[in-house]
Structures are given as structure tokens and as C-alpha cells.
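*Asks:* compute the structure for the input listed below.
(4 chains)
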4 protein chains.
Amino acid sequence: MGNGSNSLGKNLVATIFGESHGKGIGIVLDGVPSDLNIDKKLINKDLNRRRPGQSKISTDRDEKDQFEILSGVQNGKTTGAPLTFFIKNKDHHSKDYSRFREVHRPSHIDYPALLRYGKNVDLRGSGIFSGRLTAPIVIAGAIGKMILRKKNVKIGAFVSQIGDIIDETQYHVDEILEKGESNIVRTVNPKIAEKMISLIEQVKEEEDSIGGIVSVRIENFPKGIGDPWFDSLESIISRAIFSIPGVRGIEFGTGFKAAEMRGSEHNDQFIYDKEKDEISTQSNHCGGIIGGISIGNSINFKVAVKPAASIGKSQKTLNFKKKEMVELKVGGRHDPCIVPRALVGIESITALVLADAFINKRNT
Amino acid sequence: MGNGSNSLGKNLVATIFGESHGKGIGIVLDGVPSDLNIDKKLINKDLNRRRPGQSKISTDRDEKDQFEILSGVQNGKTTGAPLTFFIKNKDHHSKDYSRFREVHRPSHIDYPALLRYGKNVDLRGSGIFSGRLTAPIVIAGAIGKMILRKKNVKIGAFVSQIGDIIDETQYHVDEILEKGESNIVRTVNPKIAEKMISLIEQVKEEEDSIGGIVSVRIENFPKGIGDPWFDSLESIISRAIFSIPGVRGIEFGTGFKAAEMRGSEHNDQFIYDKEKDEISTQSNHCGGIIGGISIGNSINFKVAVKPAASIGKSQKTLNFKKKEMVELKVGGRHDPCIVPRALVGIESITALVLADAFINKRNT
Amino acid sequence: MGNGSNSLGKNLVATIFGESHGKGIGIVLDGVPSDLNIDKKLINKDLNRRRPGQSKISTDRDEKDQFEILSGVQNGKTTGAPLTFFIKNKDHHSKDYSRFREVHRPSHIDYPALLRYGKNVDLRGSGIFSGRLTAPIVIAGAIGKMILRKKNVKIGAFVSQIGDIIDETQYHVDEILEKGESNIVRTVNPKIAEKMISLIEQVKEEEDSIGGIVSVRIENFPKGIGDPWFDSLESIISRAIFSIPGVRGIEFGTGFKAAEMRGSEHNDQFIYDKEKDEISTQSNHCGGIIGGISIGNSINFKVAVKPAASIGKSQKTLNFKKKEMVELKVGGRHDPCIVPRALVGIESITALVLADAFINKRNT
Amino acid sequence: MGNGSNSLGKNLVATIFGESHGKGIGIVLDGVPSDLNIDKKLINKDLNRRRPGQSKISTDRDEKDQFEILSGVQNGKTTGAPLTFFIKNKDHHSKDYSRFREVHRPSHIDYPALLRYGKNVDLRGSGIFSGRLTAPIVIAGAIGKMILRKKNVKIGAFVSQIGDIIDETQYHVDEILEKGESNIVRTVNPKIAEKMISLIEQVKEEEDSIGGIVSVRIENFPKGIGDPWFDSLESIISRAIFSIPGVRGIEFGTGFKAAEMRGSEHNDQFIYDKEKDEISTQSNHCGGIIGGISIGNSINFKVAVKPAASIGKSQKTLNFKKKEMVELKVGGRHDPCIVPRALVGIESITALVLADAFINKRNT
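*Replies:* A predicted model of the protein is given here:
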């Protein structure tokens, strides 16, 4: 029970903690069913997908994340007690972050962090705001996947847009899972991948950054899960997704395009396949969710990710103390496109909240 | 404390109850500060804006909502105890909903409701799923507005798109509040209003429905409110917004367009106005929120609303029992465009969660 | 989800509202399984047991509580949507409560209510603090009983002490259920009942009040339910019990007497009954709960209830404004012994939280 | 937000994790105000008071608890982000706990733990049920004390009973704080201490254990804090106290004795001290709380602690598999009296929930 703003979930509750340049980062998962095999390979695979320094288009920082299990596991399986993971930070020779207390970086968390937490806020590497805290979320998401795969639930995500390069194909989840990791930009079509990569390289050269879109698709999620109103599947998914740094929008199914459509077009006709003895719908404009509840269709949604605020390029900003405009050039390595890495956070937190929704269902 | 899926909020907690064709609908608000004047006029005004039958472009059903205060008020002011509102339903000569237990309407809640709640689910008028339950949310939102207006917070919303008619102007909140109610479609520009209305009339004639977009803008919301991660302002707003029936997408600030932008474009440069001795930003791509926290800019977001699933036009669907396709024509009055009415729910629930966030802030 | 201080429970969440002299009192129950028969007779029986004016030893006020179901029921069964009950208050010609804003009654809620809620607090009939709000709790408890009786769980409670008249017999739950209602003081042994009644009559004559103890015993509660730490069965039961007005203490099993015992005495030896092929324990000092979790023994605990603060007898108190001592004589009818009525609240809220614990269990 | 059964609190939320013989034990505290000095000395002092091996009357196990701060602190002060503490376990050459999966110790957690968590439950050293998890609670309580001492709140606790040796004196909190640590049994009167110690030594010799009572007294807690009903101060305190292993009862103020009293005796008369210009009450039967809310009096309550279930003495129990009675002698060191150590847990968790209640108050 409780109200912590760093907790997520109802019966499967995740609580994150840690800072970018502190001792480390971690997560407590309360409510994981007992006797679940901890698949460390899956955790490590997802952590590796998330971490920087994996490819020429991400930052060169190498943050290999080695997790420890602090509690909740015995003989490689969950005990039912809280499951706690911890990732030690490497020793950081923190650069001097004190200047950002005065000269706030544009669109960066310097300003809101100070407003919210006051003068002792930890700004080093963005403190608790750091994208680094998606690492424990990725671990929690892997646990979610372990719970869901017992029902054969599959969660795939791919980068469907970088800048003006767009892939609107509706891939099946198996194709996403098969091909999405074959290129560093995490898109399905290799030709589009090439174009995206060369755009990102160009952006990198300009010491700038670029945004994109992540498309998520889930198959085999059981039907009848979710709630009307405040715990609709869209509500709990969107709440979770907007906690991933850089996310600026989400749409389910046909999403914003539904604004242009007639009901007669947008309605998904029920159909019956006699041979398979299966009920489904002809189209899937609803994205698998009606009235907040899963109907057995594939669930799909798109997430807009902004270009990273941290760029090498020189920018104008304000010295808040002196109230003078200054030229700011932030050294160090910057990620020209966080989208392929944000994808892993998006996919993981989706697995986490869907596992919670699945567990909740058994209450009624 | 508790986990009810019909509750929303942390320290200002709303719990809705009721069904469309049952005794009535209501809401309990726990955590409203004591000694707050209950502005009944504001409540009635917003209820009237929400209810159907207000204009030629909405359904003719007349559901004048008269609310009763069941608890929490004395001498016209809150006592600090839970505030409960109730709206009695009129006697419904419910048409026969039993057929929808077998012949599910396309994209309607018949199917998910049965999956979720089982055979005794109340399907009459959509039961708990009914858009009618936005009426108590509108009341709660009015209470939220009463809390926020002490800080001069202004919340405006207008219809910025119906079908292919789009108004991308960034209006100031005062303009929205001034002109948004001057036409039945709730848009700011009267010429665009005319076009939208004539499109909706055409759709109505075709016994079809059409979608649209609602743009929300908030001014004077105090800075430093919100949290990183799961209670980011985007997280709590999106969770709330997706509980409004028909919502399919949300984007903050520049939203999905950020996918095409460079960081150097998207970053909002801080500037200083010497005369006013005021810090602000040149652009507002962030939509007033960075790192989940308000920075003092106007907060703005857009919400996509799908065309209503209920249409008069004949549709094909499945008889789930007999597993045969049937032709379905649903009589009665249908709303050709729910967008101007959904707007009131969107605006209200925004006020509610922002009031909660404002109250939470005082804890730190 | 939420944190309202007027809500109780995790997956079965009760939210109370209302005031003694306002429009009425009520409760929302969120999370009740669907398709549960609403046993109105049981609700009415328990409401009648709770209400005043039932006997010569309780106050003469007649508050026959007629409940309405505002939501969540169709064809006499739950739909799965929030279940809401409401009891209208009779028209009260409220006596003048304004004097208690200045001359606070000793040990009464006048003083704390003003401290907590401020000047617009509703003090009429004790407002939200009124014991009258146990009526909706009794309804919620009856729903809890309906959920639990599917597992044949039996909850009995009897008055084991009034003043210095004590019955320490460990009755079986069937005996409690059979005989506990046969006398107005709700004790099992008729001879002890007589003594208690005559003591209460004497106290009534003196315009005074008297305290007592309620003993609760539960059979057939499934084993393995509860949690270590903050949601131990003792934790959730005690939290609930202390919300019943007048409760001053609770002890489980051997309780305070355990302070005098050796481990070798207090430990409950496991035994095996070969004929019944049943495992049990020889003694039950643990009161059916070890480590916060039910072990299949009968659960038992005792609850101390103070003498009612409201007495007819003249008392000295302070005029808080004038800072002068005054003589206070509060007219009207007072309950000389609230214990037999508090028993119903205690029994009911126990049923409610045990039903919640039972529902929660299915999550793991 | 969430519902984890290992979390406690509303706006100041503690989440515990860890096992007795696993990697370690810890706690996440979410909602601690920023810029609070972390008084490590106080934490260490309280940890030392709690740990075993401090004196001849406690077990000889030496578990010096060295805590690490994993997150939330910078420059010795809180940042406002979650505060996480971790205590590594020493390498345990765990004795063979597997036999207890079959031969359950009487009144021990072997049986309920298996019922609740299933076959992979961690029983080593009692796993998550271990009293060792009070160590992180003690740390959290120390943080609570740091928050409360800004208001000069003082929390004292002493052992008022061991077996049949009882001290019913109502000591002032300063006396408790001054003298309570001067003897190993944590009582105030040195003569009574001697008697208690010699009783415990005798019990130790008999390889048995003995119970007792802890009396808690709080001064200067601000008035007007708490709620009626489910978050009454008694409700939140009792919920917390019953999470401390071994607790069997709690009573506030005059407690169970109130059952014997008349209202005219039990009511606390308000009085006015003209010289100090102070309002108070003549007696304090209410224990500082009326209607669930603090009234400014000293808050006091008593807690019954059972004799530890773990004893060296030979006991009969059942082999659950073979369904045969066996003689059980559990080797190792046992604590003959856990009361003086349980006291530290009781005192600490009280500080934690009162700090939460204090923070919540600022919402209204």
C-alpha cells in the first residue's frame, strides 16, 4: 500500500531508486508470483539492448550494466518475497555539474529539477531523472515478459520513423522480433534501416540530435483484461510510457488518424472464420482495446520520441543568476538519436504493466 | 488507501460509481480542502456543456443532469469530509439490450464488457462504460477548477479538428475561454466552426459519425509541480485522459511532430524579459513540461477522439451464438460527433488531476 | 488507485461518506466479484442489530436504517461495477450544536474535529465522526460475509465483559452465533447477560456510561492467507477495528497474557488426528495467525471498547473562548453502553477486511 | 502508486526487502523531504540498540549491521529522490533448514510460510519473516525521528513488564529517554531492571523464552493530525506495530481497563492553566488521541510481545510428511527475551508512521 511517486502497478508493484552518478540504480518488485524461473539471459539481453555504446550511432559511453539480485530469489527462482535488483554505477569522475545550477541547459532537467527538489538536488548526470534509470525498468520488464510468456504473449517493438524516414508497414510481431535486432537502428526493413542510419550519422556530424517513432505490437494477450475508466489498458499503458524520458505522444490503433474517419470506416467488423472456428475482426482500428479492455486482437500503439535535449552544438541559453544570455557548448559524448534505445524502455515497461494487468484480472 | 479501479488521484481521490440506466451516477471526492466555496453555477454550466441535446449537431436525447450533494458540504462550503455528488437517472424505458448479448455491436463495449464482467454485466445504455459517467467527472473537474483558480490557473480547450477541417492556430487561453463557447462545435474561429458544423450535419444525414481533435491549453499552473517517472505530469494527465471514452491518442507540446525535428530546433531557448523581469522560453515545444515537471510555461496537449461507434447506418456484424453474419441497424438517436462533448470531459478531468498534483506538491 | 483516508482495502476497496445530520450516509465498494447474490435480509438483519432504539439498554433514538442500492446490482446480483449503498437521514431538527464550538464536551470529537477540519467542520451529531457511519460499514461487512460464506467462513462475536462482569469462556463459533442474539447485551451465557443488563440499567439511571470487551471468533477461514509485515492479518484487522468509534485496545489469541508466559507454554504444539486425517494444534495461543498468516485454526481476538463519552450526567469542562470552567449538562438521550452495538461494527469490518485478504490471496 | 504488501505509508512510503540469509536486507523510503540532514550517528545508535549480541540476556549472535546508502543522499543531505538503505548479510554457513520443511517448529513461521509462498519459500533464518528485517525499519524510523524532531517531537519507549514483573509507573518521556538505556532490559527503574534481568537469566538457563510489554510515550506531537475512520492514528499505528514480529496486542491510553470504567471517570476533563496560558486535560485516559486525531496530549500506548517461539528446550511437534509426532531440539543460540530488542522496532516504526501522518496533514 502506498503512494510513492516512484512506484508503478497495483498488485505487481515496481519501485525504482538511484541516481546516475550515485552508488547505483535499482528496483524493488513486489507481488511477483513465487516459483518463477529467473531468466538471467533475457535480462542481460535486454540490458545490453538498452545500454549506450552499442553502435556507431549511439553515444560511445560504455555503461555495461551488471545487475545483482539483492533479494527474492533462491535456487534461481522467485520466492514470492520482494525481488530487488541493483546495478552499481562505475566510478564517475563527474564533470563539473555545478555550472548547470546557474546556466540551465535548454529543454534539460536542470531547471525543473531545481524547481521540484530544491537546492540539494543531485544534478550529476541528471540524477534521478537520468535515462540510466530505464535500466532497472528494463529488468522489471524482463520479469514481466517471464510472467507473460507462460500465456505465449509476444511483445515486439520497432523504430518506424526517424526524422522524415518513415515505415508505415504493419508488421506481424514475429517479423518484428525476428528482424528488429538485425540492424543498429532497430527497424524491420533493412533498406529503411540504411537510410535511417545515414540520417543519424549526418545528425551526429552536426553535433545535433533527432527524434523518431516507436511502434509496439503485442500478440496473444488474453482477452477480457483491463477496466473501464481510470485503469483502462490505454490509461495504465500511457501512464507507464510517458515515464520513459523523451516520450511526447502516444496513440493506440489508428490513433490520431481516427480524427478524420467516419464511424462506419473506423468500426471493426466482427468476422468468423469457420475453418479455424475463430472469431476476430476484419480491421483493427481499435488497436486491440475497446472500452479499456483487451478483446483478443493484437494490441498496437505508437510512441513519439523527441530529439535528445543534450547536443554538442553550441546553443544560447540564460545564466539564471546573472540574467544574461550566454553561449553554451556542452562537451562530452551525446547520443544523436535516443530512439532505438528508448524503444527498449518502452517495450519493457509495457511488459511490466501488462503483467500487472494480467495478475489483477484474477481478482474478479 | 486502496486500489479501486474506479478511483483516480493521490491525495485528492475521486471514486466514480453508477450506470447509465440504473438509479443514477455519482462520485466521491476525498481530500478536498475544507472551507472551499462550492460554486454550483460553475458545476451546472459544465454539466450543461457536457450533456447531449444541446444543439442540432449532438443527439436529441435530453439528459438534463440535476446533481444532488450527498455529503461534505455545510453552509455552501466544503467541510473537509468526503464530498459526494449524485445524479439521478430519469426513468428509462430501456429498449431491449438483451439482443446485444448475442449480436455484439462493432467497436462497442458489448463484447469487452461481457468478457470482463461476465453474464450479469449491465449492458443497458452501456452500463458503467457509458459516456454518461463523464457527468460526475465533470462535477469533480469543476471542484478541481475551484481549487486551481485560487492560483489563477486557467484551463481552456477547443475543437481543433473535425474530419479534415483543421485549425492549427495556437490560441491564447483567454481567447479559447472567450470564444470557444460561442458556437456549438466549440472551436475558436467562427468560419472554421461553420465548416465543421456543416460537415457534422452531412455526417448526421448519412447516419454516420465523425472523429476529431481537442486542443487543451493551461495558463498559470505553478512551476515545479509533478515528478520524474511514473507520476510525471504527462503520466498522470494521459492516464486520466484515456479514461474518457473515445480517446485514441494524446501528444504534449509539439508531440508527434517532434519525431521529425532536430534537437537544436526542438530545444526551447530560455530568455529573459528585462522590463517584466521575467524568465520564459522563446518557443514552447515542450508543452510546459520538462522531466515530468511544470516549468511555468503554458501547458498544452492535443487529444484525438475517434468517431462514435454507435451509428444509425446499417452495419454487418456477427451473431456470436449462431456464428452467422447479420445485418445490424441500431435505432434511436446517435451523436454524429461526440468531440465537442468529449471536450468537456477532457477539460474537466485535466482540472481534477492538476488539482491533485498541486495538492501533492505541498508534501515536499 | 488512490489514497483517500476514507477508503479501506486493497482489491476490495470500501469508501465511506456522509454525516450524521446531513442528507445521509453511504459506502462505495469497488472490487466485489460479479454475479454475487445480494442477500438483503442479511443486510437488514445486521443493520437492525446495529441501530439504536432496539432495547431498553440502548438509547431510545429510533434510526431505522433503510438502505438504497445506488449502483452495481442487476437482477439482485452484483454486476462487477462499484456497488454503492446509501441511507437517507431522517429530517433532524438539529439541536443547537454551535455551543460545542466553544464549550467542547470532554473526550468528545468537538475539539479534535475543529483542530483537523477547521471552522466549517460539521459538528451536528458528530458529523463524519458519528457512530452512525458504522451503518454503511455494516452493509459492507454483510457483503464481505456473502463472499466468505462460499468458503463456509463463520464469524461470531459476543460481549465478554461489561464493567466488572466478565465471561472468559472460549465458546465455539456456532454457540456464539446461536445464543449471542438471544439477549439484548449480546453475550452467550444468559445468567451473565442478566448481570450485565442490570449493571447497564444502573449506569443508565446514573446518567453515566460503561465500557466493555467484545470477543471475536472466526472458523473455517482458509489457511495461507495474509502477509508478513505491513499487511499481516493482525495489521489489517487492527487497522480496521480501530476505525470503529470507542475502540481502545485489541489482542490476538492469548494477547496481553502472553507477556507473562514462557515460550514452552505459549507455543502451540502441532498434532495429528489420525481418524479425521487432520492436522491441528493442541492449544491456540496464536489466535489462528502466525507470521501474519492464517494457519487454519480458529482466529480469535478481543477488542476493548471505552464507555461512551456522551453522558447525561453533569460534567465540568472548559469554555475555550472565554477560558473559563463551566458546568455542562448535555440533554437528549445517551447510550449507557455502546458495547453491544459496537460489536456489530467490529464483526462487520472484520468480515470486510477478511474478504479483501481472501481476494488478494488469489494474486499469488 | 501501488499496493505492495511490503510497503507502508501514504506520502512517506517505506518498502522493505531482503531475507535473513540472502545477500542482505534493505528499505526504500519515498517521499522524504529534501534537504534533510542524515544523522548517521542516530541510525547507528538505533541499529546497535536493535541488534542481537549486545548483552548477556540477548542471543550471542553478533550481527553488527553496517548500512550503506544506495540512493537519495548528496553532501550528507537528502535530495528528495528515493532514499535507499542496504545492510549486507554476513556469509552464513546456513545450518540445514531443509528439515523444517517437514518438521515444522511449533508457533514458528515454517508452516505459514510454506502455505503462503509455496515450495520455493526461503526458510533460511526465517527468510523475509526474519526479525532481522526490523533493522531496515529501524533505519526508516530514524529518518522519521529526524523529520519529527524539527517539531521537537520526543518518542520514548521502555519495557514495563517481563513475565510477572511489572512497572506501571507513568514516566515522563524525558525520564524514559534518560534512563531507558541505562540497563540491558530497557526499563526505567533500576531495581525493577535487576529483577527482570534475573528472571530472564533464569529463563535462559531453562532454554526457554519469556514475553513482556513495551510502553510507548510521545510528547509534543502536533495536535490536529490524523483522521476519523480508517486512517485514525490508532489505525495507522496499530497496523504498523502488528508488523513487528511477536506483537500480540496493543492498547491506547487506559486501554483494556476502560472496559471497567464509567464514562464520568474515563472522560478527560479540559482544564486551563492561566499562568502558562495553556489548555490541557486533567487525566489522559484517551492516550492523546480522540476520534483518531491528536489533541496535543502525550500519546501513549502499550504493546504486548509474546515469548519467542524459538527455544532450545526440547519440544514435541509433528513431522508433516510422515504424520508422526517427533521430539524436536533446535540447536544454536536463542534469544530468551526479545522484548528489549522488539522495543526498538516498535519505537522506530512508530516514528515512521507519525512522520507520515505529519506530512499528510499538510494536505488539508
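
*Asks:* and the strands in the stretch 151-300 of chain A?
*Replies:* Assigned by DSSP state E, counting those that start in this stretch, the strands in the stretch 151-300 of chain A fall at A:154-162, A:165-166, A:212-219, A:247-252, A:270-273, A:278-281, A:289-290, A:293-294, A:299-305.

*Asks:* mind listing the helices for chain A?
*Replies:* A:40-50, A:110-117, A:134-148, A:173-179, A:190-205, A:233-241, A:263-266, A:339-361 (DSSP state H).

*Asks:* specify the angle between the longest one and strand A:299-305 in degrees.
*Replies:* So the one you mean is helix A:339-361. Angle, helix A:339-361 to strand A:299-305, by axes from the mean of the first three to the mean of the last three CA atoms, to 10 degrees: 140 degrees.

*Asks:* make CSV from the helices of chain A and add distance to A:G296 to it.
*Replies:* Every residue, glycine included, has its C-beta placed from N, CA and C. Shown next, in CSV, are the helices of chain A (distance: least, CB to CB, whole Å):
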stretch, distance to A:G296
helix A:40-50, 26
helix A:110-117, 41
helix A:134-148, 15
helix A:173-179, 14
helix A:190-205, 30
helix A:233-241, 13
helix A:263-266, 19
helix A:339-361, 14
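
*Asks:* B:E194 is nearest to which of these?
*Replies:* Ranking the helices of chain A by their distance to B:E194 (criterion: CB to CB) puts helix A:263-266 first, at 22.6 Å.

*Asks:* and the closest one, is it in reach of chain B?
*Replies:* Yes: applying CB under 8 Å from any CB of the partner chain, one finds helix A:263-266 touching chain B at A:263-266.

*Asks:* tell me, what's the model's pLDDT at A:K64?
*Replies:* A:K64 carries a pLDDT value of 71.

*Asks:* revised request: answer the last question for A:H93.
*Replies:* For A:H93, pLDDT reads 65.

*Asks:* count of neighbours near the residue lying closest to A:P222 once chain neighbours are set aside?
*Replies:* Distances taken as CB to CB, 6 or more residues apart in numbering or on different chains put A:K151 closest to A:P222, at 5.9 Å, once the chain neighbours are dropped. By other CB atoms under 10 Å in any protein chain shown, the residues close to A:K151 number 12.

*Asks:* ok, now A:G312?
*Replies:* 18.

*Asks:* what pLDDT does it get?
*Replies:* Reported pLDDT for A:G312: 94.

*Asks:* distance check, the closest residue to A:A355 other than its chain neighbours against A:V32.
*Replies:* Spatially, and ignoring its direct neighbours in sequence, A:A355 is nearest to A:G144 (3.7 Å; CB to CB, 6+ apart). Distance, A:G144 to A:V32, by CB to CB, to the nearest Å: 9 Å.

*Asks:* what's the overlap in contacts for those two?
*Replies:* A:L12 (CB atoms under 8 Å, 6 or more residues apart in numbering or on different chains).

*Asks:* one step back: contacting residues around the residue nearest to A:A355?
*Replies:* Counting by CB under 8 Å, 6+ apart, A:G144 has contacts A:12, A:348, A:351-356.

*Asks:* among those residues, the buried ones, what's the PyMOL command?
*Replies:* Buried members of the contacts of A:G144, defined by 16 or more other CB atoms under 10 Å in any protein chain shown, are picked up in PyMOL with:
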select buried, chain A and resi 12+348+351+352+353+354+355+356
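
*Asks:* out of the contacts of A:G144, who's nearest chain C?
*Replies:* Taking CB to the nearest CB as the measure, chain C lies nearest A:L12 of those, at 8.5 Å.

*Asks:* just checking, the closest one touches A:L29?
*Replies:* Yes: when contacts are counted by CB atoms under 8 Å, A:L12 is listed as touching A:L29 (7.0 Å).

*Asks:* re the thing from before, got CSV for the helices of chain A, with mean pLDDT too?
*Replies:* Formatted as CSV, the helices of chain A follow (pLDDT from 0 to 100):
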stretch, mean pLDDT
helix A:40-50, 96
helix A:110-117, 96
helix A:134-148, 98
helix A:173-179, 96
helix A:190-205, 97
helix A:233-241, 98
helix A:263-266, 97
helix A:339-361, 96
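
*Asks:* and of these, who's closest to C:I165?
*Replies:* Nearest to C:I165 among the helices of chain A is helix A:339-361 (48.8 Å), distances taken as CB to CB.

*Asks:* and the closest one, what does it pack against?
*Replies:* strand A:7-8, helix A:40-50, helix A:134-148, strand A:154-162, strand A:212-219, helix A:233-241, strand A:299-305 (3 or more CB pairs under 8 Å, 6 or more residues apart in numbering or on different chains; DSSP states H and E).

*Asks:* distance between it and the chain's centre?
*Replies:* Offset of helix A:339-361 from its chain centre (CA atoms, centre = their mean, to the nearest Å): 7 Å.

*Asks:* which residue packs closest to A:G287, ignoring adjacent ones?
*Replies:* In space, and not counting its chain neighbours, A:G287 is closest to A:G253: 2.6 Å by CB to CB, 6+ apart.

*Asks:* can you give me phi and psi for that neighbour?
*Replies:* Dihedral pair for A:G253: phi 60, psi -130, per degrees, to the nearest 10.
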